[in-house]
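Novice: Here's my sequence, what's the structure:
(chains A and B, ligands or ions: 2)
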Amino acid sequence: MSRPFIEITHLRKLFGDVVAVDDVSLQLDEGRTAAIIGSSGCGKSTFLRCLNMLETPTSGTMRIGEDEVEFADGEMIRGADRSLNFRKSMAMVFQSFELFPNMNVLRNITLAPRLVKGMRRDEAEETALALLDRVGLKHKATAPVTELSGGQAQRVAIARALAMAPRVLLFDEATSALDPELVGEVLAVIRDLASEGRTLLVVTHELAFARDVADTLYFFDQGRVLESGKPEVLMENPQTERLASFLKRYSGQV
Amino acid sequence: MNYQFDWSAVWDPAAWFGAIKVTLAYGIATTAVGLILGLILGLALISRFWVLRRAVALFIGLFRCTPALIQIVWFYYAFPMVLAVNMPAWLAASMGLTFYMAAFSAEIFRGGIQSIEKGQWNATRSLCMSPWQAMRHVVLPQAFRRMTPAIVNQSIIQFKNTSLLSVVAVHDIMFTASSLTAETYRPLEVLTFASVLYIILIWPLASIAHVVEKRSAQGRTR
Ligand SMILES: Nc1ncnc2c1ncn2[C@@H]1O[C@H](COP(=O)(O)OP(=O)(O)OP(=O)(O)O)[C@@H](O)[C@H]1O
Ligand SMILES: [Mg+2]
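Specialist: Numbers count the residues shown, from 1 in each chain, chains lettered A, B, ... in the order given. Ligands and ions are numbered 1, 2, ... in the order given. The predicted structure is shown next:
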């Protein structure tokens, strides 16, 4: 049986008349990284948000491992009993971090494991400290999140996502809100995760990073996947005018 | 101006002590119950069920747009009659003020909860927390901090509004002041003294607000 670990088929999402995601299909094997690029408003965030069910897809099928859900006419028509499992198998890292400002770093990380997984406090804290150590922030465990730099906050957010032991991590422009000198420290963490065999779906504007870290690259345009394949192939030999001009624009900026 | 102040008119410690206790009891009770009720109504205002939202909005509108004095009188005299129940006087007297507090604080809670960014909800949902867990651990604590000044303000108004209860014969500070005035014909002395009492009772409440505001401005964590 060699079906891919993640399989999204014919996913669509409409906001009124606006087609934000238009018939997107995507497959990803376990331990691989897919990067999604495309210009502003092409539906990258909406796609990730549908996957994480922060938005209800209008139609399409999504499967991770054994958990499959299907949508039609904006409603879930199959897999309702699997949907919590489906959601538990991934965690998202947001552009604006979204740490909880009413608690310190450690509690940001332990909150969901304790509430959702019923983990004991000492156990949750032990895991959290190990994760903080991984992202190089063990010394910030008791700091209020308001005292963190953007780069530190995003690394805490990654640790928080990892604490749920997700099978897939979703990154929505994780470095776009950061000062340029802080981008590197966050990309380094994501790179580590990729190389240790995690399954990642990364929306990014960092083309060099995408090329480096991704096994498959998806180019979104007006809600559709216009091109997909090996990053070096796409980038060196774009088949569409849209991708060519997108690459020109973005690599020109760096 | 040759008015001769005669402060002996206010000398009635037993009456004042009793009055202070009554004002404090009604102030604290109607504020506390009003806040709890207000939180529930505030949550109802943002619920998914439009019938509930409409009903609660109507209830709140009625209480926000009528004078507290009329509410007190109405609940004291008319409400038990309409329902044909025997209500203890203290309960009938406090209902109007409690609902008044509930109506205003419901709007404060609604605003506070809705001021929390959508992204915070997204984060909790992505972590598979339930909406209720998100509300309790993430949204409400942040909302409370933002709402503290407004809640304290409303509580101060509420404490002062307990003076309106004197019209339904609740023996509070205002009631005591009125009866002493009637006995002594010394309204200036008596009312001035009553004001001093209100200031002493309410001022600490305002100071608490400042402390809390300062702490939340520093983004302290527990
Ligand atoms: N909640 C919403 N309601 C209505 N329209 C929306 C909503 N969210 C997104 N859209 C629309 O869907 C389209 C795709 O938006 P999306 O945020 O997914 O783009 P994006 O590729 O992430 O862009 P960016 O690079 O700017 O983040 C846009 O046209 C946007 O206006
Ligand atoms: Mg986006």
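Novice: give me the number of residues near B:Ala57?
Specialist: 16 (other CB atoms under 10 Å in any protein chain shown). Backbone N, C-alpha and C define where each C-beta goes, glycine included.
Novice: can you check B:Ser207 too?
Specialist: 10.
Novice: That one: what secondary structure?
Specialist: Three-state assignment for B:Ser207 (DSSP: H, G, I helix; E, B strand; the rest coil): helix.
Novice: Any residues of the stretch 1-150 of chain A in contact with chain B? List them.
Specialist: Within the stretch 1-150 of chain A, the positions adjacent to chain B are A:49, A:52-54, A:84, A:87-88, A:91-92, A:94, A:96, A:98-104, A:107, A:111-112, A:115-116, A:144-147 by CB under 8 Å from any CB of the partner chain.
Novice: Filter the residues you listed down to just the ones in strands.
Specialist: A:91-92 (DSSP state E).
Novice: Please list only the buried members of the residues of the stretch 1-150 of chain A next to chain B.
Specialist: A:49, A:52-54, A:87-88, A:91-92, A:94, A:96, A:98-104, A:107, A:111-112, A:115-116, A:144-145 (16 or more other CB atoms under 10 Å in any protein chain shown).
Novice: so where's chain B uncertain?
Specialist: Scanning chain B for pLDDT under 70 picks out the ranges B:1, B:216-222.
Novice: which ones among the buried ones among the residues of the stretch 1-150 of chain A next to chain B are found in helices?
Specialist: Among those, DSSP state H puts A:49, A:87-88, A:107, A:111-112, A:115-116 in helices.
Novice: Tell me the one of the residues you listed nearest ligand 1?
Specialist: A:Arg49 (7.4 Å; CB to the nearest ligand atom).
Novice: What's the separation between the closest residue to that closest one other than its chain neighbours and B:Ile20?
Specialist: Nearest non-adjacent residue to A:Arg49, counting by CB to CB, 6 or more residues apart in numbering or on different chains: A:Glu55, 4.6 Å away. In this view, A:Glu55 and B:Ile20 are 57 Å apart by CB to CB, to the nearest Å.
Novice: hang on, isn't A:Met53 packed against A:Ser89?
Specialist: No - between A:Met53 and A:Ser89 there is no contact under CB atoms under 8 Å: 11.3 Å.
Novice: quick one, what contacts B:Glu119?
Specialist: For the record, residue B:119 is Gly, not Glu. Counting by CB atoms under 8 Å, 6 or more residues apart in numbering or on different chains, B:Gly119 touches A:94, A:96, A:98.
Novice: Same check on A:Tyr218?
Specialist: The neighbours of A:Tyr218, taking CB under 8 Å, 6+ apart as the test, are A:26, A:34-37, A:225, A:227-228.
Novice: and the residue in the stretch 51-200 of chain A that ligand 1 sits nearest to, how many neighbours?
Specialist: The minimum distance from the stretch 51-200 of chain A to ligand 1, using CB to the nearest ligand atom, falls at A:Glu173 (6.2 Å). Using other CB under 10 Å, A:Glu173 has 20 neighbouring residues.
Novice: Up against chain A, what does chain B have?
Specialist: Counting by CB under 8 Å from any CB, chain B sits next to chain A at B:119-120, B:122-129, B:133, B:137-138, B:141-142, B:145, B:219-222.
Novice: from those, which would you call buried?
Specialist: B:120, B:122-129, B:133, B:137-138, B:141-142, B:145, B:221.
Novice: Name the pair among those residues with the greatest separation in space.
Specialist: By the measure CB to CB, B:Cys128 and B:Arg145 form the most distant pair in those, at 25.5 Å.
Novice: Secondary structure element for the residue most central in space within chain A, which one?
Specialist: Per CA atoms, centre = their mean, the C-alpha nearest to the average position across chain A is that of A:Leu170, at 1.5 Å. For A:Leu170, the host element (DSSP states H and E) is strand A:168-172.
Novice: quick one: average confidence on that strand?
Specialist: Mean pLDDT, strand A:168-172: 97.
Novice: Then stretch A:245-254?
Specialist: For stretch A:245-254, the per-residue pLDDT averages 78.
Novice: Any idea how far that stretch is from the middle of the chain?
Specialist: 23 Å (CA atoms, centre = their mean, to the nearest Å).
Novice: for chain B, longest helix please?
Specialist: helix B:13-45.
Novice: and the two most separated of the ones in helices among the buried ones among the residues of the stretch 1-150 of chain A next to chain B?
Specialist: Every pair of those checked by CB to CB; the farthest is A:Arg49 and A:Arg107, at 25.6 Å.
Novice: and the closest residue to A:Ile6 other than its chain neighbours, what pLDDT?
Specialist: Residue nearest to A:Ile6 in three dimensions, not counting chain neighbours: A:Leu28, with 4.3 Å by CB to CB, 6+ apart. Looking at A:Leu28, its pLDDT reads 96.
Novice: quick one: contacts for A:Leu28?
Specialist: A:4-6, A:34, A:199, A:201, A:216.
Novice: Make JSON lines out of the residues you listed and add neighbour count, pLDDT and secondary structure.
Specialist: What follows is the contacts of A:Leu28, written out as JSON lines (neighbours: other CB atoms under 10 Å in any protein chain shown; pLDDT from 0 to 100; DSSP: H, G, I helix; E, B strand; the rest coil):
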{"residue": "A:Pro4", "neighbour count": "14", "pLDDT": "94", "secondary structure": "coil"}
{"residue": "A:Phe5", "neighbour count": "17", "pLDDT": "97", "secondary structure": "coil"}
{"residue": "A:Ile6", "neighbour count": "22", "pLDDT": "97", "secondary structure": "strand"}
{"residue": "A:Ala34", "neighbour count": "23", "pLDDT": "97", "secondary structure": "strand"}
{"residue": "A:Thr199", "neighbour count": "23", "pLDDT": "97", "secondary structure": "strand"}
{"residue": "A:Leu201", "neighbour count": "27", "pLDDT": "97", "secondary structure": "strand"}
{"residue": "A:Thr216", "neighbour count": "19", "pLDDT": "97", "secondary structure": "strand"}
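Novice: which one of these is nearest chain B?
Specialist: Using CB to the nearest CB, A:Leu201 is the member of the contacts of A:Leu28 that lies nearest chain B, at 13.0 Å.
Novice: tally of neighbours for B:Gln114?
Specialist: B:Gln114: 13 neighbours (other CB under 10 Å).
Novice: what's the spacing between stretch B:30-42 and its chain's center?
Specialist: Its chain's C-alpha centre and that of stretch B:30-42 lie 9 Å apart, by CA atoms, centre = their mean.
Novice: So what touches that stretch?
Specialist: By CB under 8 Å, 6+ apart, stretch B:30-42 touches B:56, B:59-60, B:94, B:97-110, B:112-113, B:151, B:155, B:158-159, B:162.
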